[in-house]
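Trainee: Here is a sequence together with a model predicted from it:
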Amino acid sequence: MTAVPHRPPIAVTMGDPAGVGPEVVARAWMARREHSLPPFVAIGDAAAIAAVWDGPVARVGDMAEVVAAFAEALPVWHLEDSGALTPGEPTAAGATCALHALETGIGLTRTPAASALVTGPVSKHALQSIGYTHPGQTEFIAERCGVTATNAVMMLAGPALRVVPLTVHIPLAEVPERLTSDLIVAKARIVARGLKRDFGIAHPRLAIAGVNPHAGESGRLGDEETRIIVPALAALAEDGLAIDGPLAADALFAPGIRDRYDALLCAYHDQALAPFKALHFHDGVNLTLGLPIVRTSPDHGTAFNIAGTGQADPGPTIAAIAMAARMAAMREAGCAAAK
Ligand SMILES: NC(=O)C1=CN([C@@H]2O[C@H](COP(=O)(O)OP(=O)(O)OC[C@H]3O[C@@H](n4cnc5c(N)ncnc54)[C@H](O)[C@@H]3O)[C@@H](O)[C@H]2O)C=CC1
Ligand SMILES: NCC(=O)COP(=O)(O)O
């Protein structure tokens, strides 16, 4: 008989209570058997689940209760009443609840009580209106884990493609000054380590996209490639890291080219996320490498335009929970092998 691992449950935050987070977590629970999902708990306002779903809920206040409840009901860790709730209409109380859920989820995952953190979608705008100063959840989680923002690396992963935006939530006009050789070297090293540790890829193969058309056309269409990327690649080659580039971004994502690599490093957010979402809108996962905890997230936002209508696809949340479980297992196996 195969031994069934008894890993602690996964902490899943609901995200903004007025967004699609609560309904996709509930639908992920409904798909738990089909996708062999491990026990998880939804953290946030229980009323946000009740507003969009009439399935069975078990309120828990302790992670030890989650495993027993999970087979028959969605375990919910109710934090606070976030006030009058209308799906699609964010409020300051809702943003506060989303932030408390994130704090709680991180806190649980930093102890042995939870094996991984899956964060639901938040509205950055709503959070910033209550005084939140981080560009996204990634940087907040990094800070709470004692990791600098540079060393917490965003990756989007799906069955056919993994991409890393080297710069993330900044205006496009700032990309050329924020994309430095040091940043590329630091993030590429973390990506290579993360692919080994969390995905079990012994010899990761990376590629980096150029910033400009035709990767700069030998300096005629911009100098970021020769000035910033080439020196970074030289430093990484000294580490023995397998990385090709700078490659023309227009062809890099084509099947047959992207398949040669375990991850593609991209200069800016949409260079990475636009092709990624074209392929993986329904099963794409956002994850953070370089953290002491496992953290994943569905790769979509609050989708206020469809919240509460039943149109939200739970696929990315299901993929995020499944990937978090695999990453936690991979880390556990790596720790056991190191002993
Ligand atoms: N991980 C996170 O917390 C993220 C948060 N955001 C935040 O979400 C808010 C809205 O951002 P947008 O750029 O509009 O992105 P969005 O992902 O919320 O919506 C973009 C489009 O995709 C659709 N969509 C999103 N999720 C879907 C799902 N599960 N099933 C079916 N359709 C879905 C929406 O209806 C909309 O048409 C912003 O405040 C942004 O900061 C955006 C991306 C990630
Ligand atoms: N577009 C990806 C995104 O916004 C995710 O950001 P984060 O909140 O996970 O940092």
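Mentor: Perfect, thanks for sending it. Computed from a predicted structure; not experimentally measured. Ligands and ions are numbered 1, 2, ... in the order given.
Trainee: Every contact and neighbour count from this point should use C-alpha atoms.
Mentor: Noted.
Trainee: Tell me where the stretch 51-200 of the chain has helices.
Mentor: For the stretch 51-200 of the chain, applying DSSP state H, counting those that start in this stretch gives helices covering 66-70, 92-109, 124-129, 137-144, 175-178, 181-199.
Trainee: tell me the angle of the second one relative to helix 137-144?
Mentor: Inter-element angle recorded for helix 92-109 and helix 137-144: 50 degrees (by axes from the mean of the first three to the mean of the last three CA atoms, to 10 degrees).
Trainee: Check which helices and strands helix 92-109 is in contact with.
Mentor: Of the remaining helices and strands, those touching helix 92-109 by 3 or more CA pairs under 8 Å, 6 or more residues apart in numbering; DSSP states H and E are strand 10-13, strand 40-44, strand 116-118, helix 124-129.
Trainee: With mean pLDDT and distance to residue 203 added, can I get the ones you listed in a markdown table?
Mentor: Formatted as a markdown table, those follow (pLDDT from 0 to 100; distance: least, CA to CA, whole Å):
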| stretch | mean pLDDT | distance to residue 203 |
| --- | --- | --- |
| strand 10-13 | 98 | 29 |
| strand 40-44 | 98 | 32 |
| strand 116-118 | 98 | 25 |
| helix 124-129 | 95 | 36 |
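Trainee: what about those, which gets the closest to ligand 1?
Mentor: helix 124-129 (4.2 Å; CA to the nearest ligand atom).
Trainee: outside of the closest one, which residues touch it?
Mentor: Applying CA atoms under 8 Å, 6 or more residues apart in numbering, the contact partners of helix 124-129 are 90, 91, 92, 95, 96, 99, 134, 135, 136.
Trainee: Isn't residue 181 up against residue 226?
Mentor: No - assessed by CA atoms under 8 Å, residue 181 is found out of contact with residue 226, at 10.5 Å.
Trainee: Return the member of the contacts of helix 124-129 nearest to ligand 1.
Mentor: Taking CA to the nearest ligand atom as the measure, ligand 1 lies nearest residue 136 of the contacts of helix 124-129, at 7.0 Å.
Trainee: And the pLDDT for that closest one?
Mentor: We note a pLDDT of 95 for residue 136 in this prediction.
Trainee: Name the nearest residue to it, sequence neighbours excluded.
Mentor: Spatial nearest neighbour of residue 136, excluding adjacent residues (CA to CA, 6 or more residues apart in numbering): residue 124 at 6.5 Å.
Trainee: now residue 334
Mentor: residue 197 (7.0 Å).
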